[in-house]
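Colleague: Got a sequence here, can you build the structure:
(chains A, B, C and D)
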Amino acid sequence: MSVRIQEKDFDPTTELEALSAGRDDIGALVSFTGLVRGGDVSEMTLEHYPGMTEKALEKIERQALERWSLQGVTIIHRVGPLAPGARIVFVATASRHRAAAFEAAEFLMDFLKTNAPFWKKESTADGERWVDARETDDKAVARWALNPKARD
Amino acid sequence: MSVRIQEKDFDPTTELEALSAGRDDIGALVSFTGLVRGGDVSEMTLEHYPGMTEKALEKIERQALERWSLQGVTIIHRVGPLAPGARIVFVATASRHRAAAFEAAEFLMDFLKTNAPFWKKESTADGERWVDARETDDKAVARWALNPKARD
Amino acid sequence: MKLLYFAWLRERIGTGSEEVTPPEGVDTVESLIDWLKQKDPRYEAAFAETVAIRVAIDQEQADFDAPIAGAREIALFPPVTGG
Amino acid sequence: MKLLYFAWLRERIGTGSEEVTPPEGVDTVESLIDWLKQKDPRYEAAFAETVAIRVAIDQEQADFDAPIAGAREIALFPPVTGG
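Modeller: Down below sits the predicted model:
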């Protein structure tokens, strides 16, 4: 399955090579890796809704596969406590050409940010706080409705 | 230096980790990896213009750094003979937020495709042939002039 | 039916999961929340701002006026912040 | 000055690099190409379709009407196809 929720870290090279293993019709691999930002944050803890999370990510993946010509998609999201600098999320797309791979990866991240049931809690010197949803993420996801596939 | 021309392969994880090493202000890493497609192609050979290639890539990188808020950029292009499935080019961007990282990576690839002096020759059962420039690449690069930075 | 709470909603209510049997007449998500608020001040505080609450019925996103009849699992949570 | 050729232009001309001393009056890229074409039929064939030729003067992209006075290195090549 190309959707995984896990506590442990992952390796971008391994994931990219898994997408293209045993085939030679892929010209473009795009990956997004999200990292935990530091600043006043000493630790980030990811909570999720087991069961619904997998369903939501698989639905997002299906939408991308319907919309673009892709040879593969990988979505990995870590849960549990994570230190600043740690990898937290990974999305990768494989396609013949780069435009589809880039667009689909952005689409996956935009929908993951707004539709997948994860919640971030930050630990700081002043205590803990739940991260607020960002309005810019709602705007990012809205543009995909206005903007049917432009390039392939 | 974040621009490299080399015969040898590279490792995406190593390159992504180098971009974020020792800092915790990066939230988004985007990478593009180009692979040699097979089909009737048994080998691809990359020729380039030593000296000008580095200058051209460094100029493209500078343009991206001026246009987007980025914490780092890596561009690697392989030269010499490459088998189908092999990694041929790698572009990675680091930023606080994903929109800048995605846009800058696409920009770098579009300009690399049209402005950096590389030439591909394909070997097939029928002999060798130089790859023709693609009109869609000229269109891809043109949209950056019409489309000043939309998001950050 | 099973109710699930996540993130600060879970913390304010004090549990992540509970079994409830709403009385007749409690037939939508909205009326379910109203019923919970009357049961205990913890719910009153947790659901004070329902604009900041999202709902899923049997693991599918739903609206506040969605019917809850036949639902096995209803989850209530703040807007998601993953990625 | 040094002339460089790449890809199929290099193959058609039969060399990747040569030193030339153009006569007076050969002052632009275009006139340089015309002069080469008169020298030898290999150039005539290689430069038959100049619409498919790009030029760089001292490693910077240039146009066909660019002056070549003072140039150390002029490169002629097909449209690029990297990436």
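Colleague: I'd like to know which elements the helix or strand of chain A with the lowest mean pLDDT is packed against.
Modeller: None of the helices or strands of chain A scores lower by mean pLDDT, DSSP states H and E than helix A:135-146, at a mean of 89. Under the contact criterion of 3 or more C-beta pairs under 8 Å, 6 or more residues apart in numbering or on different chains; DSSP states H and E, the helices and strands touching helix A:135-146 comprise helix A:98-115. Using the backbone N, CA and C atoms, a C-beta is placed for each residue, glycine as well.
Colleague: Return the alpha-carbon coordinates of the helix it packs on using PDB.
Modeller: Provided in PDB are the C-alpha atoms of helix A:98-115 (Å, rounded to 0.1, in the frame of the first residue of the first chain):
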ATOM      1  CA  ARG A  98       7.500  16.700 -14.800                       C
ATOM      2  CA  ALA A  99       4.500  18.900 -15.000                       C
ATOM      3  CA  ALA A 100       2.100  16.100 -13.900                       C
ATOM      4  CA  ALA A 101       4.400  15.000 -11.100                       C
ATOM      5  CA  PHE A 102       4.800  18.500  -9.700                       C
ATOM      6  CA  GLU A 103       1.100  19.400  -9.900                       C
ATOM      7  CA  ALA A 104       0.000  16.100  -8.300                       C
ATOM      8  CA  ALA A 105       2.500  16.400  -5.500                       C
ATOM      9  CA  GLU A 106       1.300  19.900  -4.600                       C
ATOM     10  CA  PHE A 107      -2.300  18.700  -4.900                       C
ATOM     11  CA  LEU A 108      -1.700  15.800  -2.500                       C
ATOM     12  CA  MET A 109       0.000  18.100   0.100                       C
ATOM     13  CA  ASP A 110      -2.800  20.700  -0.200                       C
ATOM     14  CA  PHE A 111      -5.500  18.100   0.400                       C
ATOM     15  CA  LEU A 112      -3.500  16.300   3.100                       C
ATOM     16  CA  LYS A 113      -3.200  19.500   5.000                       C
ATOM     17  CA  THR A 114      -6.900  20.200   5.000                       C
ATOM     18  CA  ASN A 115      -8.600  16.800   4.800                       C
END
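Colleague: Specify the angle between that helix and helix A:135-146 in degrees.
Modeller: Our comparison of helix A:98-115 with helix A:135-146, counting by axes from the mean of the first three to the mean of the last three C-alpha atoms, to 10 degrees, yields an angle of 130 degrees.
Colleague: where's helix A:98-115 relative to the chain centroid, distance-wise?
Modeller: Taking the mean of its C-alpha atoms, helix A:98-115 sits 8 Å from the chain's own mean (C-alpha atoms, centre = their mean, to the nearest Å).
Colleague: Kindly provide the whole-number mean pLDDT of it.
Modeller: What helix A:98-115 shows for mean pLDDT is 97.
Colleague: What helices and strands are in contact with it?
Modeller: The elements that helix A:98-115 packs onto, with contact taken as 3+ C-beta pairs under 8 Å, 6+ apart, are strand A:28-35, helix A:52-67, strand A:72-78, strand A:87-95, helix A:135-146, strand B:28-35, helix B:98-115.
Colleague: Return the set of buried residues in the top helix by length along chain C.
Modeller: In chain C, assigned by DSSP state H, the helix with the most residues is helix C:29-39. Under the neighbour-count criterion of 16 or more other C-beta atoms under 10 Å in any protein chain shown, helix C:29-39 has C:Val29, C:Glu30, C:Ser31, C:Leu32, C:Ile33, C:Leu36, C:Lys37 buried.
Colleague: same check, this time on stretch A:32-51
Modeller: Residues of stretch A:32-51 classed as buried: A:32-38, A:41, A:43-44, A:46-49 (neighbour count, 16+ other C-beta under 10 Å).
Colleague: Taking those together, which two end up most distant?
Modeller: Taking C-beta to C-beta as the measure, the buried residues of stretch A:32-51 reach their widest spread between A:Gly38 and A:Tyr49, a distance of 26.8 Å.
Colleague: Which one of the residues in chain C is closest to chain D?
Modeller: The nearest approach of chain C to chain D comes at C:Gly83, 28.5 Å away (C-beta to the nearest C-beta).
Colleague: cool, and chain A?
Modeller: When scored by C-beta to the nearest C-beta, chain A has A:Arg98 as its residue closest to chain D, at 8.1 Å.
Colleague: residue contacts, that residue?
Modeller: Going by C-beta atoms under 8 Å, 6 or more residues apart in numbering or on different chains, A:Arg98 touches A:Gly27, A:Ala28, A:Val30, B:Phe32, B:Gly34, B:Glu106, B:Met109.
Colleague: And for C:Arg54?
Modeller: For C:Arg54, the set of contacting residues under the criterion of C-beta under 8 Å, 6+ apart consists of C:Gln61, C:Leu76, C:Phe77, C:Pro78, C:Pro79, C:Val80.
Colleague: Let me see the ranges of the strands in chain C.
Modeller: For chain C, the strands identified by DSSP state E occupy C:2-5, C:17-19, C:54-57, C:60-62, C:73-77, in order along the chain.
Colleague: So which bits of the last one are buried?
Modeller: In terms of neighbour count (16+ other C-beta under 10 Å), strand C:73-77 has its buried residues at C:Glu73, C:Ile74, C:Ala75, C:Leu76, C:Phe77.
Colleague: Looking at these, which one is closest to chain B?
Modeller: Out of these, the member with the shortest distance to chain B (by C-beta to the nearest C-beta) is C:Phe77, at 23.0 Å.
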